[in-house]
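Student: A structural model of the following input is requested.
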Amino acid sequence: MKTLQDKVVVITGAGSGIGRALALEASRSGALLALSDVNEAGLAETAELATTAGSPEVRTDRLDVADRAAFAAYASAVAEHFGRVNVVINNAGVALAGNFEEMSYEDFDWIVGINFWGVVHGTKEFLPHLIASGDGHIVNISSLFGLLSIPGQSAYNATKYAVRGFSEALREEMLISKHPVGVTVVHPGGIKTEIARNARVTESEDKDATAKVFDKLATMGPDKAAKIILKGVRKNQARVLVGLDAHALHAFAKFSGSRYQDIVALSSKQMLKATKKKP
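Tutor: Residues are numbered from 1 along each chain as shown. Presented below is the predicted three-dimensional model:
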């Protein structure tokens, strides 16, 4: 896929952050958009911006990506509306911070439902339409935390590693089957979005303090991230790392092997202390 001109691009989690930036960047390339989010106000704003940016057509739907039946109905409606689907970007995601021993099963189910099952649902429901298009592409958003693990992020790490493994195996299957569908998994580093402020935290975590720590680590704007991601799609890259931090920490983890866990554990003590509620 060398261009997004006149392609039908589906983006989940399009109401803000990277999802919105991807919608605007695709609009500038002349893509037709199917945008979804649970945040209807943010979604409406993205749609208006996308139309102004040049998209010939923008469809919006409220969608909980963890709801399998709703996603199946959504995929059918989008395919019927546009007559085809060329690109699906499974971007919707949430965060859950805190020590695993304090996490509830309900919180774990919540993050797995959105971050992992949302990707599976989007891929499963749209894959037949992507194959039928003759020029399809799946983009699954993982994370830097799908390349190395960080204390206090066990649930988030679990979902983002799962997205990585799922996407890489799927790409291999598409190659073996000779289906006309590319698969790209994306690993952003610190991107300036609201994900930390919208996150859930465990009992001992200070949500505002956690967000402030994230803000210090977030160095890249979502607009630049979107450009890097869509450039990777046009090049049919299997993996796209976004940000100097993603490249540097990925290299560090590869170079140090499993020893990186000991180094990260030692170096993270002060950061984790800063996110705790004060007595």
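Student: Quick check: buried residues in the top helix by length along the chain?
Tutor: Longest helix in the chain by number of residues (criterion: DSSP state H): helix 154-177. Residues of helix 154-177 classed as buried by neighbour count (16 or more other C-beta atoms under 10 Å): 154-164, 166-168, 170-171, 174. Using the backbone N, CA and C atoms, a C-beta is placed for each residue, glycine as well.
Student: try stretch 260-270
Tutor: 260, 264.
Student: can you list contacts of the helix or strand that Ala246 is a member of?
Tutor: According to DSSP states H and E, Ala246 maps onto helix 244-256. Residues outside helix 244-256 that contact it (C-beta atoms under 8 Å, 6 or more residues apart in numbering) are 144, 147-148, 187-190, 217, 219, 241, 260, 263.
Student: could you redo the last one with a cut-off of 10 Å?
Tutor: Applying C-beta atoms under 10 Å, 6 or more residues apart in numbering, the external contacts of helix 244-256 come out as 143-150, 186-191, 217-220, 239-241, 243, 259-264.
Student: Could you do stretch 176-183 as well?
Tutor: Against stretch 176-183 from outside (C-beta under 10 Å, 6+ apart): 1, 86-88, 123, 126-127, 130-140, 166-175, 233-239.
Student: Drop anything exposed from the contacts of helix 244-256.
Tutor: Buried among the contacts of helix 244-256 (16+ other C-beta under 10 Å): 143-150, 186-191, 218, 220, 239-241, 243, 260, 264.
Student: In strands, which of those appear?
Tutor: 186-188, 239-241 (DSSP state E).
Student: out of those, which one sits closest to Ala75?
Tutor: Val186 (20.9 Å; C-beta to C-beta).
Student: just to revisit the earlier point, could you export the longest helix of the chain as PDB, CA atoms only?
Tutor: This file holds the C-alpha atoms of helix 154-177, laid out as PDB (Å, rounded to 0.1, in the frame of the first residue of the first chain):
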ATOM      1  CA  SER A 154       2.300  -5.700  34.900                       C
ATOM      2  CA  ALA A 155      -1.200  -5.600  33.400                       C
ATOM      3  CA  TYR A 156      -0.400  -3.100  30.700                       C
ATOM      4  CA  ASN A 157       2.800  -5.000  29.900                       C
ATOM      5  CA  ALA A 158       0.800  -8.200  29.600                       C
ATOM      6  CA  THR A 159      -1.700  -6.800  27.100                       C
ATOM      7  CA  LYS A 160       0.900  -5.000  25.000                       C
ATOM      8  CA  TYR A 161       3.200  -8.100  24.800                       C
ATOM      9  CA  ALA A 162       0.000 -10.000  23.800                       C
ATOM     10  CA  VAL A 163      -0.700  -7.600  21.000                       C
ATOM     11  CA  ARG A 164       2.900  -7.900  19.800                       C
ATOM     12  CA  GLY A 165       2.800 -11.800  19.700                       C
ATOM     13  CA  PHE A 166      -0.600 -11.900  18.100                       C
ATOM     14  CA  SER A 167       0.300  -9.400  15.400                       C
ATOM     15  CA  GLU A 168       3.600 -11.100  14.500                       C
ATOM     16  CA  ALA A 169       2.000 -14.500  14.200                       C
ATOM     17  CA  LEU A 170      -0.900 -13.000  12.200                       C
ATOM     18  CA  ARG A 171       1.600 -11.400   9.800                       C
ATOM     19  CA  GLU A 172       3.300 -14.800   9.300                       C
ATOM     20  CA  GLU A 173      -0.100 -16.400   8.600                       C
ATOM     21  CA  MET A 174      -0.900 -13.700   6.000                       C
ATOM     22  CA  LEU A 175       2.400 -14.400   4.200                       C
ATOM     23  CA  ILE A 176       1.900 -18.100   4.200                       C
ATOM     24  CA  SER A 177      -1.600 -17.800   2.900                       C
END
